[in-house]
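J.: My questions concern the predicted model and sequence given below.
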Amino acid sequence: MTSGPRVTAKTFWVWTETAAAANPCRIPGVPVDQQFSNYGTSAPAGWLEREYIVDAEDYEGQVDLFGVVNT
């Protein structure tokens, strides 16, 4: 695991396309805490700086299926 400065999400952290390119086990849009249970809302600052994570409310990589079906 990573020590050092940490960043806190407004909601929770999800993986990005950049993270998936660096490590295929990291699926874009999937919550980080599914892989690292202690990094749900607080994660290493370096991950954010390298654009491996983004706050879930700011993630734009997936379409909300219920929003499409219910409109």
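T.: Okay, I see it.

J.: Now the spatially most central residue of the chain: which helix or strand?
T.: By Cα atoms, centre = their mean, the chain has its centre lying nearest to Val14, at 1.5 Å. Element membership for Val14 (DSSP states H and E) is strand 13-15.

J.: and after that strand, which helix or strand comes next?
T.: Next along from strand 13-15, by DSSP H and E: helix 17-22.

J.: Name the residues of stretch 54-64 that are buried.
T.: Across stretch 54-64, burial judged by 16 or more other Cβ atoms under 10 Å covers 54-56, 59. All C-beta atoms are positioned from the backbone trio N, CA, C, and that covers glycine.

J.: Just the helices from the chain, written as ranges.
T.: 17-22, 45-49, 65-69 (DSSP state H).

J.: which of the ones you listed has the lowest average pLDDT?
T.: Here the lowest mean pLDDT among the helices of the chain goes to helix 65-69, at a mean of 44.

J.: Among the buried residues of stretch 54-64, name the ones in strands.
T.: Assigned to strands by DSSP state E, the following of the buried residues of stretch 54-64 qualify: 54-55.

J.: would you turn the buried residues of stretch 54-64 into CSV with distance to Ser3?
T.: Converted to CSV, these look like this (distance: Cβ to Cβ, whole Å):
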residue, distance to Ser3
Val54, 22
Asp55, 22
Ala56, 24
Tyr59, 26
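
J.: could the buried residues of stretch 54-64 be laid out in JSON lines, adding pLDDT and distance to Asn38?
T.: Shown next, in JSON lines, are those (pLDDT from 0 to 100; distance: Cβ to Cβ, whole Å):
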{"residue": "Val54", "pLDDT": "95", "distance to Asn38": "18"}
{"residue": "Asp55", "pLDDT": "95", "distance to Asn38": "17"}
{"residue": "Ala56", "pLDDT": "93", "distance to Asn38": "17"}
{"residue": "Tyr59", "pLDDT": "89", "distance to Asn38": "20"}
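
J.: Fine by me, thanks again.
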